[in-house]
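Novice: Okay, here's the prediction I keep looking at, along with the sequence it came from:
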Amino acid sequence: MQQSRDLSDASEMAAPLMAGLAVAAAAYAGRYGLRAWQAFKARPQGMRRFYEGGFQPAMTRREAALILGVRERTPADKIREAHRRVMVANHPDAGGSHYLASKINEAKDMMLGRSKGGGTSAF
């Protein structure tokens with residue numbers, strides 16, 4: 001009888017201990033989540049991957065490089081490769097815009113030094 005009572009006392013003491021450990025684990029997880037959220041919100045806004053803004057009236061080398069995702073002094077073969085990659089994603093036959101396709105082609109021509117006419121797109 002005495003042994004049975006000792007086991008029940010031990011299990012009664014273990015329940016609050018387990019509950020306390022669960023509360024502590026939840027508190028630490030919440031603290032970690034809150035700090036991760038604050039770090040995410042405090043990241044610099046300049047780290048965006050894409051250029052925000054519209055097109056300029058006359059294409060410049062800087063804008064052409066931004067459209068193709070290359071540097072201004074990139075070799076011609078890399079420019080052609082970047083043009084192909086961007087064009088596959090934005091081709092009018094694949095649901096892309098004719099306007100964007102013309103701007104991508106204009107950017108390639110600008111970067112390769114083959115600007116036509118006044119340097120404006122068909123639109």
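Specialist: Ah, there it is.
Novice: Quick one: mean pLDDT over the longest helix seen in the chain.
Specialist: Taking DSSP state H as the criterion, the chain has its longest helix at helix 2-41. If you average the pLDDT over helix 2-41, you get 83.
Novice: Just after that helix, pick out the following helix or strand.
Specialist: Later in the chain than helix 2-41, the nearest helix or strand by DSSP states H and E is helix 61-68.
Novice: Using PDB, write out every CA atom in that next one.
Specialist: C-alpha atoms of helix 61-68 as PDB (Å, rounded to 0.1, in the frame of the first residue of the first chain):
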ATOM      1  CA  ARG A  61      23.100  51.500 -71.100                       C
ATOM      2  CA  ARG A  62      22.400  51.400 -67.400                       C
ATOM      3  CA  GLU A  63      18.700  50.700 -68.100                       C
ATOM      4  CA  ALA A  64      19.600  48.100 -70.700                       C
ATOM      5  CA  ALA A  65      21.900  46.300 -68.300                       C
ATOM      6  CA  LEU A  66      19.100  46.300 -65.600                       C
ATOM      7  CA  ILE A  67      16.600  44.800 -68.000                       C
ATOM      8  CA  LEU A  68      19.000  42.000 -69.100                       C
END
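Novice: Name the residues of that helix that are buried.
Specialist: 63-68 (16 or more other Cβ atoms under 10 Å). The way it works is simple: take the backbone N, C-alpha and C, and place the C-beta from them, glycine included.
Novice: closest to residue 106 among the residues you listed?
Specialist: residue 64 (7.4 Å; Cβ to Cβ).
Novice: what does the model give the nearest residue in space to residue 88 that is not next to it in sequence for pLDDT?
Specialist: Distances taken as Cβ to Cβ, 6 or more residues apart in numbering put residue 94 closest to residue 88, at 7.4 Å, once the chain neighbours are dropped. On the pLDDT scale, residue 94 is placed at 87.
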